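[1] Mind looking at a prediction? Sequence and model below.
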Amino acid sequence: MNFEQLEYVVSIANEKSISKAAKKLHISPSGVSQAITHLERELEINIFNRSRGGITLTYEGELVLNRANEILTNLKELKEQLIDFKETRLKHMKIACAPTFTYMIHDVLKKYAGKNNEPTIELIEQGTDQIFINLTKEDYDLALVVSSKAELEKENNINFEFLSKGKVCIVVGKHSPLYELDYVTTKDLLHQKVVMYNFSNKNFLQLAKKFKNEIVLKSNRTMTLIEIIKEGRVFTFVHSTTLKDFPDVITGELKVIPIKESDFIYQEFWAISPISKENSITKTEFINCVKNHMNGFC
């Protein structure tokens, strides 16, 4: 039994004629007749009474017709649900982002939502290493990470697109002795006290170790870290893009200062996604919005 045979049963019952049903179905009458005969043999019943007066349903045929209508209705509803699900899925994105994107992404989302009313977004913040682990397992459509191209090329089954690069900086408050500097050096940062975000990337942790910083607090509450920096003499590591539009940076309560050794230190930002995920228009538009914001184009 297949869906086509059930459709033939319904059409013949409605038209009360094999030839009329065949014409409506754009199939030869012999093809329809053979399909019904095969179905009757399979079910070991007669679905139709055939006579010169026309085609009528048998008692068993009535049962088949009722169930055929029910099955075909359910099939139609299933197809419609799958189409709706696919359209919704293409407009919904599950995005993971490294902490450096946290504040910037709020501005991006406002601009993106203003131009795109239909897409919905689920945003999860995780460290870059954790994102690589969870990218497929958590079914992310897209992730924003801090990495090098060499590191990304070691990963299997991901696509990646370059977004931008930014200087590695520190952020300090007005009470910090570093506040008046245009840039800081290794000497400036030696033995200074630092607060760290729990999901800080490994490069920041390596810098803290290199500068022999005393980590006085680690937390996943960013506002707590910011308030401590504003009120004290501690700092934390950030990228130049992380807090560029943050209100306390704009007012001068906080200052973002680049780190300079022989030169400034840079890190690269990337958008990554599983190879298994299709590149929808929604995803492409969002990546472009992030890229334009990071590079000051919007």
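    Noted; the coordinates are in hand. Here the structure is a predicted model, which is why all the values come from computation and not from measurement.

[2] can I assume Pro29 is in contact with Ser19?
    Yes: counting by CB atoms under 8 Å, Pro29 touches Ser19, with 4.8 Å between them. In short, each C-beta sits where N, CA and C put it, glycine included.

[3] so what sits against both of those two?
    By CB atoms under 8 Å, 6 or more residues apart in numbering, Pro29 and Ser19 have no common neighbours.

[4] where in the stretch 51-200 of the chain is pLDDT low?
    Confidence mapping of the stretch 51-200 of the chain against pLDDT under 70 gives the ranges 83-91, 113-119.

[5] what about Asn156, how many neighbours?
    Asn156 has 7 neighbouring residues, counting by other CB atoms under 10 Å.

[6] To clarify, my last question referred to Lys23.
    Residues contacting Lys23 under the criterion other CB under 10 Å number 15.

[7] Look up how far Pro29 lies from it.
    Going from Lys23 to Pro29 by CB to CB, to the nearest Å gives 8 Å.

[8] just Glu180 next, same as before
    Computed as CB to CB, the Glu180 to Pro29 distance reads 93 Å.

[9] where do the helices sit along the stretch 101-250 of the chain?
    102-115, 128-134, 149-154, 186-189, 202-210, 222-231, 247-251 (DSSP state H, counting those that start in this stretch).

[10] Between Glu180 and Pro29, which has more neighbouring residues?
    Pro29 (15 against 10).

[11] From Asn2, how far out is that one?
    Distance of Pro29 to Asn2, computed by CB to CB: 19 Å.

[12] cool, and Asn46?
    19 Å.

[13] Packing partners of the lengthiest helix in the chain?
    Longest helix in the chain by number of residues (criterion: DSSP state H): helix 59-91. Judged by 3 or more CB pairs under 8 Å, 6 or more residues apart in numbering; DSSP states H and E, helix 59-91 is in contact with helix 3-15, helix 281-294.

[14] quick one: contacts for Glu60?
    Per CB under 8 Å, 6+ apart, neighbours of Glu60: 43, 45-47.

[15] cutoff 10 Å now
    Applying CB atoms under 10 Å, 6 or more residues apart in numbering to Glu60 gives the contacts 40, 43-48.

[16] What backbone torsions are found at the residue of the chain positioned farthest from its centre?
    Distance from the centre of the chain peaks at Arg52, with 62.9 Å (CA atoms, centre = their mean). Dihedral angles of Arg52 (phi, psi; degrees, to the nearest 10) stand at phi -60, psi -20.

[17] how close does it sit to Thr241?
    Taking CB to CB, one finds Arg52 at 84 Å from Thr241.
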